[in-house]
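Novice: next one to model:
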Amino acid sequence: MSKKYASYSMMCMSAGYIYVVIELIYRQRSDVSMMLVASICAVPIIFINNWFTFEIDYLVQILSCSTICTFIELIAGLAVNADHSIWDYSEIPFNYKGQICLPFFLVWIVICAIFIVVMDWVEYNVFDDGEVPYYKIFGREIFRLRGRS
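Specialist: Got it, this is the predicted structure:
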(Lines give C-alpha, C1' and ligand atoms only; values in the text may rest on other atoms or scores of the structure.)
Protein backbone atom coordinates (compact mmCIF):
# COMPACT_ATOMS: atom_id res chain seq x y z
CA MET A 1 0.00 0.00 0.00
CA SER A 2 1.44 3.37 -1.00
CA LYS A 3 2.03 6.13 1.53
CA LYS A 4 -0.33 8.41 -0.41
CA TYR A 5 -3.17 5.88 -0.33
CA ALA A 6 -2.57 5.23 3.37
CA SER A 7 -2.61 8.94 4.19
CA TYR A 8 -5.79 9.56 2.17
CA SER A 9 -7.54 6.57 3.73
CA MET A 10 -6.55 7.70 7.20
CA MET A 11 -7.78 11.24 6.55
CA CYS A 12 -11.13 10.08 5.14
CA MET A 13 -11.77 7.74 8.07
CA SER A 14 -10.64 10.36 10.56
CA ALA A 15 -12.92 12.97 8.98
CA GLY A 16 -15.90 10.65 9.44
CA TYR A 17 -15.11 9.89 13.08
CA ILE A 18 -14.28 13.48 13.97
CA TYR A 19 -17.49 14.76 12.38
CA VAL A 20 -19.58 12.29 14.37
CA VAL A 21 -17.82 13.37 17.57
CA ILE A 22 -18.57 17.02 16.73
CA GLU A 23 -22.24 16.11 16.20
CA LEU A 24 -22.37 14.14 19.44
CA ILE A 25 -20.94 17.12 21.34
CA TYR A 26 -23.19 19.64 19.59
CA ARG A 27 -26.46 17.68 19.15
CA GLN A 28 -25.95 14.71 21.50
CA ARG A 29 -26.77 12.39 18.59
CA SER A 30 -25.56 11.42 15.14
CA ASP A 31 -26.21 8.91 12.41
CA VAL A 32 -23.91 6.46 10.65
CA SER A 33 -24.79 8.17 7.36
CA MET A 34 -23.13 11.34 8.69
CA MET A 35 -19.88 9.46 9.14
CA LEU A 36 -20.08 8.38 5.52
CA VAL A 37 -20.97 11.89 4.31
CA ALA A 38 -18.03 13.41 6.20
CA SER A 39 -15.68 10.77 4.79
CA ILE A 40 -16.96 11.48 1.29
CA CYS A 41 -16.49 15.22 1.88
CA ALA A 42 -12.85 14.56 2.74
CA VAL A 43 -12.17 13.15 -0.75
CA PRO A 44 -12.67 16.38 -2.74
CA ILE A 45 -10.99 18.39 0.02
CA ILE A 46 -7.92 16.14 -0.32
CA PHE A 47 -8.06 16.39 -4.11
CA ILE A 48 -8.46 20.18 -4.13
CA ASN A 49 -5.80 20.62 -1.47
CA ASN A 50 -3.30 18.58 -3.47
CA TRP A 51 -4.30 20.15 -6.78
CA PHE A 52 -3.80 23.69 -5.48
CA THR A 53 -0.31 24.82 -4.64
CA PHE A 54 0.46 26.74 -1.50
CA GLU A 55 0.51 29.83 -3.71
CA ILE A 56 -3.28 29.61 -4.14
CA ASP A 57 -5.09 31.86 -1.73
CA TYR A 58 -6.12 30.00 1.45
CA LEU A 59 -9.57 31.64 1.26
CA VAL A 60 -10.08 30.20 -2.25
CA GLN A 61 -9.23 26.74 -0.93
CA ILE A 62 -11.58 27.14 2.03
CA LEU A 63 -14.50 28.45 -0.05
CA SER A 64 -14.02 25.77 -2.74
CA CYS A 65 -13.97 22.98 -0.18
CA SER A 66 -16.90 24.41 1.79
CA THR A 67 -19.01 24.73 -1.34
CA ILE A 68 -18.30 21.14 -2.34
CA CYS A 69 -19.08 19.89 1.19
CA THR A 70 -22.37 21.78 1.18
CA PHE A 71 -23.24 20.27 -2.21
CA ILE A 72 -22.41 16.77 -0.93
CA GLU A 73 -24.56 17.47 2.14
CA LEU A 74 -27.44 18.46 -0.17
CA ILE A 75 -27.12 15.32 -2.31
CA ALA A 76 -26.88 13.12 0.80
CA GLY A 77 -29.80 14.95 2.37
CA LEU A 78 -32.01 14.45 -0.65
CA ALA A 79 -30.98 10.78 -0.83
CA VAL A 80 -31.13 9.69 2.83
CA ASN A 81 -32.81 12.53 4.71
CA ALA A 82 -35.88 13.31 2.62
CA ASP A 83 -38.05 12.91 5.73
CA HIS A 84 -35.69 15.10 7.79
CA SER A 85 -35.17 12.31 10.32
CA ILE A 86 -31.40 12.87 10.51
CA TRP A 87 -31.26 16.68 10.31
CA ASP A 88 -33.71 19.43 9.54
CA TYR A 89 -32.71 22.98 8.66
CA SER A 90 -36.27 24.00 7.72
CA GLU A 91 -36.53 26.50 10.56
CA ILE A 92 -33.09 28.01 9.94
CA PRO A 93 -32.89 31.11 7.73
CA PHE A 94 -31.62 30.77 4.16
CA ASN A 95 -32.25 27.03 3.94
CA TYR A 96 -32.89 24.95 0.83
CA LYS A 97 -35.47 22.19 1.31
CA GLY A 98 -34.36 21.90 4.93
CA GLN A 99 -31.21 20.06 3.77
CA ILE A 100 -28.65 22.87 3.61
CA CYS A 101 -28.56 26.42 4.93
CA LEU A 102 -26.29 29.43 5.07
CA PRO A 103 -25.41 29.18 8.79
CA PHE A 104 -24.21 25.60 8.36
CA PHE A 105 -22.31 26.59 5.20
CA LEU A 106 -20.43 28.94 7.53
CA VAL A 107 -19.78 25.97 9.83
CA TRP A 108 -18.36 24.09 6.83
CA ILE A 109 -16.03 27.05 6.24
CA VAL A 110 -14.61 26.69 9.76
CA ILE A 111 -14.34 22.89 9.47
CA CYS A 112 -12.62 23.12 6.07
CA ALA A 113 -10.22 25.83 7.26
CA ILE A 114 -9.08 23.54 10.07
CA PHE A 115 -9.13 20.32 8.01
CA ILE A 116 -6.95 21.77 5.23
CA VAL A 117 -4.21 22.71 7.70
CA VAL A 118 -4.46 19.42 9.64
CA MET A 119 -4.36 17.45 6.39
CA ASP A 120 -1.25 19.33 5.22
CA TRP A 121 0.39 18.76 8.60
CA VAL A 122 -0.35 15.01 8.47
CA GLU A 123 0.93 14.67 4.90
CA TYR A 124 4.08 16.61 5.65
CA ASN A 125 4.97 15.36 9.14
CA VAL A 126 3.48 11.88 9.31
CA PHE A 127 3.83 10.74 5.71
CA ASP A 128 6.96 12.79 4.93
CA ASP A 129 5.42 14.29 1.80
CA GLY A 130 6.09 17.62 0.09
CA GLU A 131 7.33 21.01 1.18
CA VAL A 132 6.66 22.81 4.44
CA PRO A 133 3.00 23.92 4.20
CA TYR A 134 2.29 27.64 4.19
CA TYR A 135 -0.83 29.70 3.60
CA LYS A 136 -1.43 33.01 1.88
CA ILE A 137 -4.36 35.40 1.93
CA PHE A 138 -4.42 38.14 -0.70
CA GLY A 139 -0.85 37.26 -1.70
CA ARG A 140 0.61 37.59 1.79
CA GLU A 141 1.81 34.63 3.78
CA ILE A 142 -0.25 34.42 6.96
CA PHE A 143 1.39 31.40 8.54
CA ARG A 144 3.71 28.49 7.86
CA LEU A 145 3.66 25.13 9.59
CA ARG A 146 6.81 24.04 11.36
CA GLY A 147 9.25 21.88 9.45
CA ARG A 148 10.19 18.37 10.44
CA SER A 149 12.39 18.11 13.50
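
Novice: how distant is the longest helix seen in the chain from the center of its chain?
Specialist: Counting residues, the longest helix found in the chain (DSSP state H) is helix 3-27. On the basis of Cα atoms, centre = their mean, to the nearest Å, helix 3-27 sits 9 Å off its chain's mean C-alpha point.

Novice: quick one: the helix or strand following it to chain centroid distance?
Specialist: Note on helix 3-27: by DSSP states H and E, the next helix or strand toward the C-terminus is helix 32-51. On the basis of Cα atoms, centre = their mean, helix 32-51 sits 6 Å off its chain's mean C-alpha point.

Novice: low-confidence stretches in this protein?
Specialist: By pLDDT under 70, the low-scoring segments of the chain are 1, 147-149.

Novice: rewinding a little: and the longest helix of the chain, which residues are buried?
Specialist: Using 16 or more other Cβ atoms under 10 Å as the test for burial, helix 3-27 gives 7, 8, 11, 12, 14, 15, 16, 18, 19, 20, 23. Every C-beta, even on glycine, is put in place using the N, C-alpha and C of the backbone.

Novice: let me know the helix or strand that the residue nearest the centre of the chain is in.
Specialist: Residue closest to the mean C-alpha point of the chain, counted by Cα atoms, centre = their mean, is residue 112 at 4.1 Å. Under the criterion of DSSP H and E, residue 112 resides in helix 102-121.

Novice: who are the contact partners of the residue nearest to the centre of the chain?
Specialist: For residue 112, the contact set (Cβ atoms under 8 Å, 6 or more residues apart in numbering) comprises 45, 61, 62, 65, 66, 69.
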